[in-house]
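Everything below, folded, please.
(3 chains)
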Amino acid sequence: MIFKKHCRVLLALILSGVSCVVAATPTQKPNILLVLADDLGYNDVGFNGSKDIITPNLDALAAQGTTFSEAYVAHPFCGPSRAALLTGRYPHKIGSQFNLPIRGSFVGVPTSETFIAQVMQDAGYFTGAMGKWHLGDAPQYHPNKRGFEEFYGFLGGGHNYFPAQFEKAYNERVKQGVTNIFEYLTPLEHNGKEVRETEYITDALSREAVNFVTKAAKNDKPFFLYLAYNAPHVPLEAKQEDMAMFPNIKDKKRKTYAGMVYAVDRGVGRIVETLKANNQFDNTLIVFMSDNGGKLGQGASNYPLKEGKGSVYEGGFRTPMLMHWPQQVAAGKQFEHPVLALDLYPTFAALGGASLPANNKLDGKNIWQDLQANQNPHQDELIYVLRHRDGFSDAAVRRNEFKAVKYGKQDWQLFNIEKDISEQHDLSASNSLMLNDMVAEMEKWTWDNVQPLWFHISEEGANWRLKGMPRFDQTFKTSISSTESD
Amino acid sequence: MIFKKHCRVLLALILSGVSCVVAATPTQKPNILLVLADDLGYNDVGFNGSKDIITPNLDALAAQGTTFSEAYVAHPFCGPSRAALLTGRYPHKIGSQFNLPIRGSFVGVPTSETFIAQVMQDAGYFTGAMGKWHLGDAPQYHPNKRGFEEFYGFLGGGHNYFPAQFEKAYNERVKQGVTNIFEYLTPLEHNGKEVRETEYITDALSREAVNFVTKAAKNDKPFFLYLAYNAPHVPLEAKQEDMAMFPNIKDKKRKTYAGMVYAVDRGVGRIVETLKANNQFDNTLIVFMSDNGGKLGQGASNYPLKEGKGSVYEGGFRTPMLMHWPQQVAAGKQFEHPVLALDLYPTFAALGGASLPANNKLDGKNIWQDLQANQNPHQDELIYVLRHRDGFSDAAVRRNEFKAVKYGKQDWQLFNIEKDISEQHDLSASNSLMLNDMVAEMEKWTWDNVQPLWFHISEEGANWRLKGMPRFDQTFKTSISSTESD
Amino acid sequence: MIFKKHCRVLLALILSGVSCVVAATPTQKPNILLVLADDLGYNDVGFNGSKDIITPNLDALAAQGTTFSEAYVAHPFCGPSRAALLTGRYPHKIGSQFNLPIRGSFVGVPTSETFIAQVMQDAGYFTGAMGKWHLGDAPQYHPNKRGFEEFYGFLGGGHNYFPAQFEKAYNERVKQGVTNIFEYLTPLEHNGKEVRETEYITDALSREAVNFVTKAAKNDKPFFLYLAYNAPHVPLEAKQEDMAMFPNIKDKKRKTYAGMVYAVDRGVGRIVETLKANNQFDNTLIVFMSDNGGKLGQGASNYPLKEGKGSVYEGGFRTPMLMHWPQQVAAGKQFEHPVLALDLYPTFAALGGASLPANNKLDGKNIWQDLQANQNPHQDELIYVLRHRDGFSDAAVRRNEFKAVKYGKQDWQLFNIEKDISEQHDLSASNSLMLNDMVAEMEKWTWDNVQPLWFHISEEGANWRLKGMPRFDQTFKTSISSTESD
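Here you go, the predicted model:
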């Protein structure tokens, strides 16, 4: 009812021709630094309570800023989550539900979508992207074409970390005449030009971020920097000195993973120093989060969340998150309401005084006022996660304290996610009315999903077609009797 | 051959750059009142010979106007038929082959289509829609966005009739926290704002139509009013006083249905009075018809037509129809040639002196001249009906006196529909050449059909994909041997 | 690696905003005459070594011009090959992978594609098309709407040759009331107007080409003429006098076919005479080729190529080709590098000083400089052929001297196509690395293929859907282990 009412009010506004004016509280346009880790577990930063991994620089930002206990990305794995982050749309609405084809392609996130970088650039920001792209290799999808004035990194979905090793492997393949070389091995690039990187990749990206921040400080534009570390995504490759910080970790994977996270933290520290040295620290909003949950079996921990990367349980898409901005973001607080990676687009646009593109449909909202007021920005609203698998779809939907989960062939479950963060106590039996209502609302949300524009491998595409996907008939089947009304 | 010739002439015209000028005979722009009943049977109005249902006001209009014995809608059920009526396109050409998702959605008739209301509004008409919409719930599909200045009614595919009852049911669900409430129960709205209706819905819509006509009479614009009663669509709910008009009907459903039709007729009477009182009656073209055939088992009669709502036999898509306009439409005549709901768009546009949108493809034609001349506007042309079912498609095509029917898994049948209105005598055996020709022409027509943009329920969509729909390989299989020519 | 490097350079160019300027060597805009034969075998012209078929006029052009031993069309059958020729795109990129529906339709090559004729017309050329169209029957797809000022011929995929016969057959059907008449029998047209042709069709098309050339000589525009003979496509129908030229051929089909080819050659001779008589011969680039390989069992020979029309072996899509232009194209030479029908679009545009449409993606390239320099225009590049069959896809990809072939359910084979033109010696066992690389590159190329916009018959469309086509999971399956990187 409340939702319906909101809809009507919105409709009335739209019909009456009132245009949406974005109200940004701060008077000066801040620099915005978005640091994205890759496959970082919920429990793998100090500020979220890790017992074994230390992240002193992130923890310092957390101590002087706000952490978020219920930060959700839009998809439990990389490509779709990043597409959502930069477009402000659920990946299912823009055909980006799958990772890009593993052996390359000429497809990418549709150019009909305007990236947040473009919006910021149009508003006078100096924009840069460092690190992993994973949103399209072909020229029209290049970061430089999506609003990033500067790009340093790699276009693929990941990368090996030690140049001496990957350069050797790459050159061997070239020598053999191979042209379709695994993207984790290819040379990095700067604005479309191949470069010969020599540093450990995490350090290289930190270095480039430092350079960007330094350069930005010299011009009079605010900056928007998207620093997308590929760490601690596999392959697990850490520097000895970083692993040496964790003498008590015995598990080899965990130790390597910890070293990789530490390198990220080290990089963040260097950037903070640079911001301070350039007198930009007080005017910079720093946001740190991961693109999805940690990958189980690869060194990560999402404790106390259930499962990990790929899952519609919390471990798949709830990630560590912090915001830091002196005087503007409350220091030492934890924000305990849900926030979405999808919210960053409209929030950044508002802070930057940017205009949203005409006819732009965004799935998130500007959360700035609610953040200041410590209010739930998504009260009574629905938060979705939907992952297509081989012949069926996993789905979950949260509203306030309740989360409904459809996992594999199991029936829908219902959890009180505020009291039961580990999703252990199924309340569906005693709450069938609410469960059915949430399932119906999620099914309603799916009708304007579009067909995937690509798949990760051709087998996935063939199975999609052969098995009549997305099979929402099964996904949203409940005890509700459907009412015919033709 | 004749058809081919027409095509060539048309082609030559197009190629020679002659632009289409719409020639409207009457010099003054008339008001246009389109009254649409919902699931009204062919035999369920007095002017079509009903023995038990009385419709004095409609009959009076019929007596002073022209009735149509062969009026066809574009689809045998609601949503697609209405989409066709307002866009002038067969629903299969615009992805609107199915009713909208029953539990709501954010999809609707594509905004790339221009509704007749928009065309009329652009030509200076004051436009209004009252009643059932069923063409999209999301803001961009709202009547106010499709050319209707005024809208009063409900966006869904139907509605309960007694406010005291549906308001109670609605409030109970709201109280339980349900947000996805069956659309038949939700409050009505006026231009996007919720209203609290208190009258029996048919009377409420008649009241609003009266108000609209009254308001229209006060400005100097002609009006275009689309009055879409949901009666006598289920649920069968009539006022006691209306049922009391039919003491001789014993069947409860039929009696209720009759009462519902009577309420519609009563409303038409009120509007006619209002038109007269405002001195607008002589300058108003009134068109009355149904969106599809009556639903068997729910009180309707399509006698002498075969089957009912949903069928590609005549009972599914031939409906009662009348036109009334003093001095302009012949009084007391019956027009015995086929006319299409698809013809109304270009005919109304012509009468209103409106320009058709550039690149607009319309599937019907301006029938005004042929109506005046009592000539068949569709001589030698093909009239199609196509309904997709679970794993197969029903189809029918009419040309002049012949109608070919593909029903379920049966072979194609051929009827002389002028002599055999009840489709009892299959002539296929002795007319295989003509039958095959008509089937081939219909198959030709299907190639630029588009995939459905939505389905009524998710099961329907899953089956569509799993069963390789639309399965035209089976639908158009005849004894013709296909000729390869690659 | 080399390919990757090219990509990067291209990307850098695009990103740096350098616009593509087409450099045409010759200073004067030449007339361009593109003569396309239909299903002509690789071995069925004198200049390609035919032992039994004589083509004196083509041979004379060949002797004074350049022949091409490795000319590839983009598809092994008619419709898609022609769509590629005129749009410059692989048919799979524009939904034109299949021949148009055999019993007619209102679909055609998307109007979002700009035909080469339009590009030339915009550059000041007088443009004409004579003969077979096969790219869309509906008005918006008519040659006159795609850049051809003059059109004489037929819109379908083929035609019978003797007017006395096809006119009779056509009239009989008209008399019977048939409207969906096989397109091989329908009257020819001139700019959308039906004409009554009386000559043997090949002669009629030659006559119209002569008329066009004569008319063109009288105005000051250069001309672009697309002369698309339907000969020697079935039905096998030749004039007695032409067959009489081949007394030594005993096989009836071969003899008829030879007569059909001879008529084409005779026509080319007449046009050459006309060009000379009008003093245009020296300023005319003549290109002659076929739309695909000869059809086995219908009189054609593709010797020494393997298989014929429809196949991804060389016989399917390598065709005879010559270019003639005094002083500009080397006389008496054979060009022994691959050239593509796809190259003609950008090459013609360059020669005509035409601008390519903005955002135009072309799959071929201007080969003029490489032709002059006798260099391989496609060094290290990939040349694709892909044919969808019932439930699987045949594919082949060539790079330099190697060609990989996926045929039916067989494993991928690898041939050294320069040394093994008949594709007899599979080298896959000893070259798995290269084979796998080429297969991976071809799979990469497929991801931006689009779904077919039509099929030849409805059965084909139903099977496409039921069998989860294009089944690239099977097509591109090799011994490569797929690497996951989500």
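
all strands of the stretch 201-350 of chain A, in order?
Using DSSP state E, counting those that start in this stretch, the strands of the stretch 201-350 of chain A run over A:223-228, A:284-290, A:318-319, A:321-324, A:333-335, A:339-340.

Save those as TSV, and put in mean pLDDT too.
Supplementary listing: the strands of the stretch 201-350 of chain A in TSV, determined by pLDDT from 0 to 100:
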stretch	mean pLDDT
strand A:223-228	98
strand A:284-290	98
strand A:318-319	98
strand A:321-324	98
strand A:333-335	98
strand A:339-340	98
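
right, is the host helix or strand of A:Gly153 up against chain C?
Secondary structure here is read from DSSP states H and E; on that basis A:Gly153 sits in strand A:150-154. No. Strand A:150-154 lies out of reach of chain C by CB under 8 Å from any CB of the partner chain, never closer than 9.4 Å. C-beta here means a position set from N, CA and C on the backbone, and glycine is covered the same way.

ok so, going back, now, of the strands of the stretch 201-350 of chain A, which is deepest in the fold?
strand A:318-319 (a mean of 28; mean count of other CB atoms under 10 Å in any protein chain shown).

Does it reach chain C?
No. Counting by CB under 8 Å from any CB, chain C has no neighbours in strand A:318-319; the shortest distance is 15.9 Å.

Just checking: what are the partner strands of that strand?
With DSSP bridges as the criterion, the sheet partners recorded for strand A:318-319 are strand A:71-72 (antiparallel).

What are the boundaries of the helices in the stretch 201-350 of chain A?
A:201-218, A:240-243, A:252-277, A:314-317, A:341-351 (DSSP state H, counting those that start in this stretch).

To chain C, which of those helices lies closest?
Between chain C and the helices of the stretch 201-350 of chain A, the tightest spacing by CB to the nearest CB is seen for helix A:314-317, at 11.8 Å.

Would you mind measuring from A:Ser112 to A:Asn359?
For A:Ser112, the distance to A:Asn359 under the criterion CB to CB, to the nearest Å works out to 10 Å.

And for A:Ala63?
42 Å.

Of those two, which one has the most company?
Neighbours per residue, other CB atoms under 10 Å in any protein chain shown: of A:Ala63 and A:Asn359, the larger number sits with A:Ala63, 14 against 7.

Would you point to the one among the helices of the stretch 201-350 of chain A that's packed deepest?
helix A:314-317 (a mean of 29).

how much space between the spatially most central residue of chain A and A:Gly131?
By CA atoms, centre = their mean, the mean C-alpha position of chain A lies nearest to A:Asp291, the distance being 3.4 Å. Spatial separation of A:Asp291 from A:Gly131 under the definition CB to CB is 11 Å.

Next up, the contacts around the residue nearest to A:Ala331 when sequence neighbours are not counted.
Once flanking residues are discounted, A:Ala331 sits nearest to A:Gln64: 4.9 Å by CB to CB, 6 or more residues apart in numbering or on different chains. Under the criterion of CB atoms under 8 Å, 6 or more residues apart in numbering or on different chains, the neighbours of A:Gln64 are A:His324, A:Pro326, A:Ala331, A:Gly332.

now, among those, which is nearest to chain C?
Using CB to the nearest CB, A:His324 is the member of the contacts of A:Gln64 that sits closest to chain C, with 30.1 Å.

Which pLDDT value belongs to A:Ile2?
Note on A:Ile2: pLDDT of 39.

Any stretches of chain A with poor pLDDT?
Along chain A, the parts satisfying pLDDT under 70 run over A:1-27, A:479-486.

how does it divide up, domain by domain?
A:30-355+A:369-373, A:383-475 (automatic domain parsing).

hey, which of those domains is tucked in deepest?
Most buried among the domains of chain A, counting by mean count of other CB under 10 Å: domain A:30-355+A:369-373, with a mean of 21.

now for the one helix or strand A:Leu371 maps to, which elements pack on it?
Assessed by DSSP H and E, A:Leu371 sits inside helix A:368-373. Taking 3 or more CB pairs under 8 Å, 6 or more residues apart in numbering or on different chains; DSSP states H and E as the contact definition, the neighbouring helices and strands of helix A:368-373 are helix A:341-351.

Could you export the helix it packs on as PDB, keeping only the C-alpha atoms?
Coordinates of the C-alpha atoms in helix A:341-351 are reproduced here as PDB (Å, rounded to 0.1, in the frame of the first residue of the first chain):
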ATOM      1  CA  ALA A 341      25.600   0.300  -5.300                       C
ATOM      2  CA  LEU A 342      22.800   1.500  -7.600                       C
ATOM      3  CA  ASP A 343      22.400   4.500  -5.300                       C
ATOM      4  CA  LEU A 344      25.900   5.800  -6.000                       C
ATOM      5  CA  TYR A 345      25.100   7.100  -9.500                       C
ATOM      6  CA  PRO A 346      22.300   9.400  -8.500                       C
ATOM      7  CA  THR A 347      24.100  10.400  -5.300                       C
ATOM      8  CA  PHE A 348      27.300  11.300  -7.000                       C
ATOM      9  CA  ALA A 349      25.400  13.200  -9.600                       C
ATOM     10  CA  ALA A 350      23.600  15.200  -6.900                       C
ATOM     11  CA  LEU A 351      26.900  15.900  -5.100                       C
END
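
ok, now how distant is A:Trp133 from chain B?
Summarising the geometry, the distance separating A:Trp133 from chain B, computed by CB to the nearest CB, to the nearest Å, is 30 Å.

So what does that residue have for phi and psi?
Backbone geometry at A:Trp133, expressed as degrees, to the nearest 10, gives phi -100, psi -80.

quick one: contacts for it?
Neighbour list for A:Trp133: A:Pro143, A:Phe151, A:Gly153, A:Phe154, A:Leu155, A:Gly156, A:Ala228 [criterion: CB under 8 Å, 6+ apart].

check contacts around the nearest residue to A:Glu70 once chain neighbours are set aside.
The shortest distance from A:Glu70 to any non-neighbouring residue, by CB to CB, 6+ apart, is to A:Pro338 (4.5 Å). With contacts taken as CB under 8 Å, 6+ apart, A:Pro338 has the following neighbours: A:Glu70, A:Ala71, A:Tyr72, A:Asn376, A:Pro377, A:His378, A:Ile383, A:Arg398.

Now with 10 Å, please.
The contact partners of A:Pro338, taken as CB atoms under 10 Å, 6 or more residues apart in numbering or on different chains, are A:68-72, A:318, A:367, A:376-379, A:381, A:383, A:398-400, A:417-418.

Surely A:Thr198 and A:Pro187 touch.
No. A:Thr198 sits out of contact with A:Pro187 when judged by CB atoms under 10 Å, with a separation of 11.3 Å.

Please enumerate the shared neighbours of those two.
Counting by CB under 10 Å, 6+ apart, the residues touching both A:Thr198 and A:Pro187 are A:Pro163, A:Glu167.

rewinding a little: figure out how far the helix holding A:Leu371 is from the centre of its chain.
Distance of helix A:368-373 from its chain centroid, counting by CA atoms, centre = their mean, to the nearest Å, is 21 Å.

Just the residues contacting it, thanks.
Outside helix A:368-373, the residues that reach it (CB under 10 Å, 6+ apart) are A:22-26, A:66, A:68, A:323, A:328-330, A:333, A:335, A:337, A:339, A:343, A:346-348, A:350-351, A:375-379.

what do you get if the cut-off is 7 Å, keeping everything else the same?
Around helix A:368-373, the neighbours that count as contacts under CB atoms under 7 Å, 6 or more residues apart in numbering or on different chains are A:Thr25, A:Phe335, A:Thr347, A:Ala350, A:Leu351, A:Asn376, A:Pro377.

same check, this time on stretch A:468-476
Counting contacts by CB under 7 Å, 6+ apart, the residues outside stretch A:468-476 that touch it are A:388, A:391-393, A:395, A:406, A:439, A:442-443, A:446, B:458-459, B:461-462, B:465-466.

and stretch A:232-242, how far from the chain's centre?
21 Å.

Could I get the CA-only coordinates of that stretch as CSV?
Provided in CSV are the C-alpha atoms of stretch A:232-242 (Å, rounded to 0.1, in the frame of the first residue of the first chain):
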residue,chain,number,x,y,z
PRO,A,232,41.9,-9.9,-4.4
HIS,A,233,40.3,-11.7,-7.4
VAL,A,234,42.0,-14.8,-8.5
PRO,A,235,44.7,-15.7,-9.5
LEU,A,236,45.9,-15.6,-5.9
GLU,A,237,49.3,-13.8,-6.3
ALA,A,238,50.7,-11.7,-3.6
LYS,A,239,54.0,-10.1,-2.9
GLN,A,240,56.2,-11.8,-0.3
GLU,A,241,56.4,-8.6,1.8
ASP,A,242,52.7,-8.4,2.0
